[in-house]
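S.K.: What shape does this take:
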Amino acid sequence: MQPTEPELDPTKVLNQPSLRRSSGTIWLVMGALFLIASLFSFGVVMAGGSGASMPLAITGGAIAIVVYGAMVLVRLVVGAGVKRLRLLAACLLTMALVSLVGVWVCAYIEAAAATATLSGAR
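M.R.: Purely as a prediction, here's the structure:
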């Protein structure tokens with residue numbers, strides 16, 4: 001298979017259509033799905049936990065919402081092209097990192113609180 005442009009290698013990650021020729025809508029759709037999943041995870045931690053990690057869960061959810069807002073803003077403000085697509089990808093990766101680390105730390109805090117409660121220490 002020959003690349004459409006002579007300098008592009010179609011096997012490289014940066015030469016994917018979603019990072020070169022997309023309108024950016026797929027990034028917003030996937031970002032919205034990831035936002036829903038992360039807010040659900042933070043909600044489960046807040047509802048089912050001891051409350052020790054609630055401030056962190058609220059902060060993590062708020063950051064995820066702000067980053068998704070940044071994705072929408074990038075989609076509307078930045079002109080079509082590779083720059084916009086890479087910014088959208090960076091926002092999605094940032095949201096993923098913040099959400100995954102936040103949920104992990106919340107789970108760790110809740111486990112520590114449960115262990116302290118079971119051992120009788122407070």
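S.K.: Please, where are all the helices along the protein?
M.R.: With helices called from DSSP state H, the chain shows them at 25-48, 54-77, 82-119.
S.K.: can you put those helices in a markdown table and add mean pLDDT and mean neighbour count?
M.R.: Any C-beta I mention is one placed from the backbone N, CA and C, and that applies to glycine too. Listed next are the helices of the chain as a markdown table, based on pLDDT from 0 to 100; neighbours: other C-beta atoms under 10 Å:
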| stretch | mean pLDDT | mean neighbour count |
| --- | --- | --- |
| helix 25-48 | 92 | 16 |
| helix 54-77 | 94 | 17 |
| helix 82-119 | 89 | 16 |
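S.K.: ok, now how distant is the residue lying closest to Ile63 once chain neighbours are set aside from Gly60?
M.R.: Leaving aside its sequence neighbours, Ile63 sits nearest to Val98 (C-beta to C-beta, 6 or more residues apart in numbering; 5.1 Å). Distance, Val98 to Gly60, using C-beta to C-beta, to the nearest Å: 6 Å.
S.K.: try Val44
M.R.: Counting by C-beta to C-beta, the gap from Val44 to Gly60 is 12 Å.
S.K.: Repeat that for Tyr68.
M.R.: For Tyr68 relative to Gly60 (C-beta to C-beta), the value is 13 Å.
S.K.: Ok, Ala47 next?
M.R.: 15 Å.
S.K.: Same question for Ser53.
M.R.: Using C-beta to C-beta, Ser53 is found at 9 Å from Gly60.
S.K.: next one: Leu97
M.R.: Relative to Gly60, Leu97 is positioned 11 Å away (C-beta to C-beta).
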